[in-house]
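**Student:** need a structure here:
(2 chains)
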Amino acid sequence: NAGVTQTPKFRILKIGQSMTLQCTQDMNHNYMYWYRQDPGMGLKLIYYSVGAGITDKGEVPNGYNVSRSTTEDFPLRLELAAPSQTSVYFCASSYRGSEAFFGQGTRLTVV
Amino acid sequence: GESVGLHLPTLSVQEGDNSIINCAYSNSASDYFIWYKQESGKGPQFIIDIRSNMDKRQGQRVTVLLNKTVKHLSLQIAATQPGDSAVYFCAENLRSSGGGADGLTFGKGTHLIIQP
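**Tutor:** Down below sits the predicted model:
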């Protein structure tokens, strides 16, 4: 099993550009999450999903959107990139909301 | 503000000694806690978890202690090795009444440095 796979690993965006961070998992987990991690800080929850077709906001959802059309995929969309969105983004999945398995992260810089 | 935090940003220990990393949480309704290890450039990796109906749980070389009275969590690593060098995060999960995910709330992390 590959676990949780995120693409791309690195990306530089200009202010106002848009992009989609991809996340896929092959563990058949119902629960999936997006976190962001700023330097020297813990992870903050952006959005989460408890199953296909269901998404909900986390602690810091502003400026992001998600969709969950399949169990495997949970893409995160940035519509108008801002410097404040410079961060490392982690996707995670879990079974019934317990131990979460994380991807390797996407390092995003907005200039 | 943060509902989960750590007492020290950096902990330096001698190789072979035991390490103790502490964490305080503020939400008494939290019922599930996890310790994660994050190496440089990688995603968090699960170490050990504990539910609120327990006060101690042991894994391989690691022990988690939960004191609900003072809302304190600790991670003990026995015989610390160079490979233990990483940032350690505690995280809590407040489950909804329907058993939903809600996501984990993370503390800032403690950087464990191993001295040779």
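
**Student:** My read is that B:Met54 contacts B:Leu66, right?
**Tutor:** Yes. If you go by CB atoms under 8 Å, B:Met54 and B:Leu66 touch, sitting 6.5 Å apart. C-beta: built from backbone N, CA, C; applies to glycine.

**Student:** Counting neighbours, go ahead and name the busier of the two.
**Tutor:** Each of B:Met54 and B:Leu66 has its neighbours counted (other CB atoms under 10 Å in any protein chain shown); B:Leu66 has more, 20 against 13.

**Student:** Which residue, other than its chain neighbours, is closest to residue 42?
**Tutor:** Since you didn't name a chain, this refers to chain A. Taking CB to CB, 6 or more residues apart in numbering or on different chains as the measure, A:Gly42 lies nearest to B:Phe106, with 3.4 Å between them; neighbours along the chain are not counted.

**Student:** if you could check chain B rather than the one you did, that'd help
**Tutor:** Once chain neighbours are set aside, the closest to B:Lys42 by CB to CB, 6+ apart is A:Gln104, at 6.1 Å.

**Student:** How about A:Gln17?
**Tutor:** With sequence-adjacent residues excluded and distances taken as CB to CB, 6+ apart, A:Gln17 is closest to A:Ala81, at 5.1 Å.

**Student:** what pLDDT does the one you found get?
**Tutor:** A:Ala81 is assigned 96 on the pLDDT scale.

**Student:** which residue is nearest the centroid of chain A?
**Tutor:** To find the centre residue of chain A, average its C-alpha atoms and take the closest one (CA atoms, centre = their mean): that gives A:Trp34, at 3.2 Å.
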